[in-house]
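> Prediction below, plus the sequence it came from.
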Amino acid sequence: MAVQEQVLKAELHCHIEGAAPPALVQKIAKREEIDVSSIIDAKGQYRWSDFTTFLSAYDLASSVFRRPGDYAQLSETYFRMLAAEGAIYGEIFISPDHATSAGLSYRSYVEGLAAGLERAKADTGIEGRMIAVGVRHFGAASVERVAKEVVSNPHPLVTGFGLAGDEREGHPANFARAFRMAGEAGLGLTAHAGEFGGPESISAALDFLRVRRIGHGVRAIESTALVDRLAAERIVLEVCPGSNAALGLYPVLRFHPVNLLRRAGVRITLNSDDPPFFRTTLGREYSLTAKTFNWTQEDLRVFTRTAIEAAFCDKATKERLLAKVDNQKLG
Ligand SMILES: [Zn+2]
């Protein structure tokens, strides 16, 4: 058995609509009479060529999910796939704005997704939580609306609040109020930064949004002072190497800064982001990066451990999962 297949895994950064297997999208699209042939090729894989066509493929694929049962099927399918690769914990970004455009209430969207998480857990034991995200390029009022909705409709499996969307639009200060509201309600906080934006985007997210986790964050490597700050403040990066390579941030995995960040003492986790769009899976992220950077099983175990330590779940669940990771016999 390959090294990476043995190591237990955990994921903190995956957009649930972006995790939809093309076959599931095709099946539901048929029922809804939506034509998805422009975004799924003859081999059954998503078809896109640049950031603009990626976004339109993503939007069309997401648009087929319209009923709570569709979302249950989506989250159950994804968590079963995670569990099959050795994951014991996963967090997914959920997008209340997507639910609205699908004509669903926030509550039925969350209940649908939660039903899928529960079914996958009953069968495989995998734990799952949800992080509701606001869309940055929809503006501060929209993100605040999402925060309000999440806070006033608490659900035991929605344990985090985050910021996704185009990082190049809107200063983090604009979203401080939404994050304060979510933080005061006890939700864990994370924000995408340092993917398409540079080090200043990460510093501003830390200063204005008070997050202890950053989605991507890899462009911190462009500032030694920021790398030192991330290490000193024990900030956790949700790194998605395959996604960054697919979107052209780095030409090949070998040039990805994840290993430099790790060696500088920054706390790293490995994640798949929008896996079928980037022809990846969480297992593949573990195996390809391990091969590229000569990481050992112990190195991989540290990533999983970091993910669970930084997870937005209760202490008892964390301790149980950490014991599983620590007690696993490797190699
Ligand atoms: Zn993301």
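Yep, that arrived.
> Could I get the buried residue list for stretch 229-244?
229-230, 235-244 (16 or more other C-beta atoms under 10 Å). For glycine as for every other residue, the C-beta is placed from the backbone atoms N, C-alpha and C.
> which sections of this protein are below the confidence cut-off?
Scanning the chain for pLDDT under 70 picks out 1-5.
> How is it divided into domains?
9-20+65-327, 21-64 (the TED database).
> Mean neighbour count, these: which tops it?
Across these, the average number of neighbours (mean count of other C-beta atoms under 10 Å) peaks for domain 9-20+65-327, which reaches a mean of 20.
> Just the buried residues of stretch 229-244: which are in strands?
236-239 (DSSP state E).
> Sort out which one of these lies nearest Val252 for me.
Val239 (15.9 Å; C-beta to C-beta).
> I figured the closest one hits Asn271, correct?
Yes: contact criterion C-beta atoms under 8 Å: Val239 and Asn271 qualify, at 6.6 Å.
> which ones are touching the residue nearest in space to the middle of the chain?
Nearest residue to the geometric centre of the chain (C-alpha atoms, centre = their mean): His13, 1.8 Å. Contacts for His13 (C-beta atoms under 8 Å, 6 or more residues apart in numbering) come out as 91, 93, 215, 238, 240, 269, 271-273.
> among the buried residues of stretch 229-244, which two are most distant?
Arg229 and Gly242 (26.5 Å).
> Please tell me how far His171 sits from Gly139.
12 Å (C-beta to C-beta, to the nearest Å).
> Now do the strands in the stretch 51-200 of the chain.
Taking DSSP state E, counting those that start in this stretch, the strands of the stretch 51-200 of the chain run over residues 87-94, 127-135, 158-164, 188-193.
> could those strands be laid out in JSON lines, adding distance to Gly116?
Below are the strands of the stretch 51-200 of the chain laid out as JSON lines (distance: least, C-beta to C-beta, whole Å):
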{"stretch": "strand 87-94", "distance to Gly116": "10"}
{"stretch": "strand 127-135", "distance to Gly116": "8"}
{"stretch": "strand 158-164", "distance to Gly116": "14"}
{"stretch": "strand 188-193", "distance to Gly116": "21"}
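> so which of these gets nearest Ala307?
Smallest distance to Ala307 across the strands of the stretch 51-200 of the chain (C-beta to C-beta): 7.1 Å, for strand 87-94.
> Which strands or helices does that closest one pack on?
strand 9-11, helix 68-84, helix 106-124, strand 127-135, strand 158-164, helix 315-327 (3 or more C-beta pairs under 8 Å, 6 or more residues apart in numbering; DSSP states H and E).
> got a markdown table for these, with distance to Phe277 too?
Putting the helices and strands packed on strand 87-94 into a markdown table (distance: least, C-beta to C-beta, whole Å) gives the following:
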| stretch | distance to Phe277 |
| --- | --- |
| strand 9-11 | 16 |
| helix 68-84 | 13 |
| helix 106-124 | 19 |
| strand 127-135 | 17 |
| strand 158-164 | 14 |
| helix 315-327 | 28 |
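> and of these, who's closest to Gly283?
Nearest of these (C-beta to C-beta): strand 9-11, 7.1 Å.
> roughly how far is the closest one from the heart of the chain?
11 Å (C-alpha atoms, centre = their mean, to the nearest Å).
> The next helix or strand after it relative to helix 68-84, how many degrees between them?
Once strand 9-11 ends, the next helix or strand along the chain (criterion: DSSP states H and E) is helix 22-32. Relative orientation of helix 22-32 and helix 68-84, computed by axes from the mean of the first three to the mean of the last three C-alpha atoms, to 10 degrees: 170 degrees.
> May I have the beta-bridge partners of the closest residue to Ile131 other than its chain neighbours?
Nearest residue to Ile131, sequence neighbours excluded (C-beta to C-beta, 6 or more residues apart in numbering): Gly160, at 3.4 Å. Gly160 has these beta-bridge partners by DSSP bridges: Ile131, Gly188.
> So Tyr71 sits against Arg107, correct?
No: with contact defined as C-beta under 8 Å, Tyr71 does not reach Arg107; the gap is 11.9 Å.
> which residues sit in contact with Arg210?
Applying C-beta under 8 Å, 6+ apart, the residues near Arg210 are 179-180, 183, 189.
> Check these and tell me the two furthest apart.
The most distant members of the contacts of Arg210, if one measures by C-beta to C-beta, are Arg180 and Leu189, lying 9.6 Å apart.
> picking up where we left off before, show me the contacts for the residue nearest to Ile131.
Under the criterion of C-beta under 8 Å, 6+ apart, the contact list for Gly160 reads 91, 129-132, 187-190, 312.
> Could you report the separation of it from Gly44?
32 Å.
> likewise Ile34?
17 Å.
> what do you get for Pro154?
39 Å.
> ok, back up a step: quick one, which of the strands of the stretch 51-200 of the chain gets closest to Asp207.
So among the strands of the stretch 51-200 of the chain, strand 188-193 is nearest, using C-beta to C-beta, at 11.1 Å.
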